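Colleague: Quick one, what's the 3D model for this:
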Amino acid sequence: MAQVVLKHAASMDSLLSDTDLDIATLLSVGQEEDDISSNHHYHGVQHVQLVGARFEGPEVTPYPSRDKTESPLVFSNVFNPYVNHRKEEFVQEDFGNVVELRGSDVGAADVKYRVKDLRTHEMPVIGVYIDERICPGFKYRIRQLCRLNRYQFNGSALYLERIGQGYGRRLTFQSPHLNINQNIFYTDTHDGGYGFSIVAVEAGASFTIWDADERAIGQALLLEVNQRQAEINSHIEKKTVCKRVVVAMKVLVNFTSRRHGMMSLINEETVNVCGVAELEKAPRSSKAELKSINNVELPIYGECHFYPNAED
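Modeller: Model prediction:
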């Protein structure tokens, strides 16, 4: 199985080879879902390179096995494992790309589906087939496949509460009302299926910044977060569901500490960064909790960690 390695680079302007994927194209901050460009520069993680693999062959991609022992900087499936990662898929939506799904692969009825228009960060849901990474307690944004910019719940990201049984499984999401919940739909309602994208962080969240020496050096406010957040790992540890998600953000940072005792030239600035969000859902909790955003490279300070501030 091919490995994907996150690498550092100074610029994203140059085109990549057939075996290179531009992470800024997938995770460019401030772009609309269908207006993707690679003109943004990110500190830290800049692009990913596929080692020992070229995407040639049939357009139907089988369900792959997943390695659950990835290190923070080496991942086996940074992008959607169902989709052939051809460069043109990041430039325009390819409705002709066909993905074959089998219900027996996820412990359901032995039914085969062929879906189109699945984006690289999305997980498929259709009929009895629900991607095994989709889990109650996590927040998702759901798009109807083969319908450009047609989203469930007006594009809002909601926590998944329950997954029903049967052929057309009922999916129930969080609702502000206690006596009635209209945030539901069935997996067989739309013939083309659905693409689920996990939402680990959203704009407006604030964090305390810790450097590599485990010192609190400032505060960070997320101004913008790209919607294309890619889940790269999911596992269970002591009955707690843990997920790791690559995110790209525009962040307002306010430094309150000086590096090595020297006066900082910039106390406040806005930067584009990438990081890996760590989510955990405890067995007795109904919602997953964001623990931290790691591997965030900030100017001067280098690799830092973002820890969420307590809610006011």
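
Colleague: Can you identify the element that follows the helix-or-strand element of the chain with minimal mean pLDDT toward the C-terminus?
Modeller: Ranking every helix and strand in the chain by mean pLDDT, DSSP states H and E puts strand 74-75 at the bottom, with a mean of 32. Along the chain past strand 74-75, the next helix or strand (assigned with DSSP states H and E) turns out to be strand 98-102.

Colleague: So what are the sheet partners of the helix or strand following that following strand and their directions?
Modeller: The C-terminal neighbour of strand 98-102 among helices and strands, as given by DSSP H and E, is strand 112-116. Looking at strand 112-116 with DSSP bridges, its partner strands are strand 98-102 (antiparallel).

Colleague: Report the buried residues of the strand it pairs with.
Modeller: 98-99, 101-102 (16 or more other CB atoms under 10 Å). Backbone N, C-alpha and C define where each C-beta goes, glycine included.

Colleague: same thing with stretch 228-239?
Modeller: By neighbour count with 16+ other CB under 10 Å, stretch 228-239 contains the buried residues 228-234.

Colleague: One more: stretch 102-113?
Modeller: Within stretch 102-113, the residues that count as buried by 16+ other CB under 10 Å are 102-103.

Colleague: Likewise for stretch 131-145?
Modeller: Residues of stretch 131-145 classed as buried by neighbour count (16+ other CB under 10 Å): 131, 133-145.

Colleague: Can you show me the helices along this protein?
Modeller: Counting by DSSP state H, the chain has helices at residues 23-26.

Colleague: which strand in it runs the most residues?
Modeller: In the chain, taking DSSP state E as the definition, the longest strand is strand 240-255.

Colleague: That strand: partners in the sheet, and parallel or antiparallel?
Modeller: Partners of strand 240-255 in the sheet, by DSSP bridges, are strand 216-225 (antiparallel), strand 230-237 (antiparallel), strand 268-281 (antiparallel).

Colleague: pLDDT averaged over it - what is it?
Modeller: Mean pLDDT, computed over strand 240-255, is 95.

Colleague: cool, and stretch 274-291?
Modeller: Here the average pLDDT along stretch 274-291 is 95.

Colleague: Keeping just the C-alphas, turn that stretch into PDB.
Modeller: Provided in PDB are the C-alpha atoms of stretch 274-291 (Å, rounded to 0.1, in the frame of the first residue of the first chain):
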ATOM      1  CA  CYS A 274      -2.100  23.400   8.600                       C
ATOM      2  CA  GLY A 275      -2.400  21.100  11.500                       C
ATOM      3  CA  VAL A 276      -3.700  17.700  12.700                       C
ATOM      4  CA  ALA A 277      -6.800  17.900  14.900                       C
ATOM      5  CA  GLU A 278      -7.100  15.300  17.600                       C
ATOM      6  CA  LEU A 279     -10.700  14.300  18.400                       C
ATOM      7  CA  GLU A 280     -11.900  11.900  21.200                       C
ATOM      8  CA  LYS A 281     -15.300  10.600  22.000                       C
ATOM      9  CA  ALA A 282     -15.600   9.000  25.500                       C
ATOM     10  CA  PRO A 283     -18.000   6.000  25.900                       C
ATOM     11  CA  ARG A 284     -20.400   8.000  28.100                       C
ATOM     12  CA  SER A 285     -20.300  11.200  26.000                       C
ATOM     13  CA  SER A 286     -22.700  12.000  23.200                       C
ATOM     14  CA  LYS A 287     -20.300  14.300  21.400                       C
ATOM     15  CA  ALA A 288     -16.700  14.200  20.500                       C
ATOM     16  CA  GLU A 289     -14.300  16.600  22.100                       C
ATOM     17  CA  LEU A 290     -11.400  18.500  20.300                       C
ATOM     18  CA  LYS A 291      -8.300  17.800  22.400                       C
END
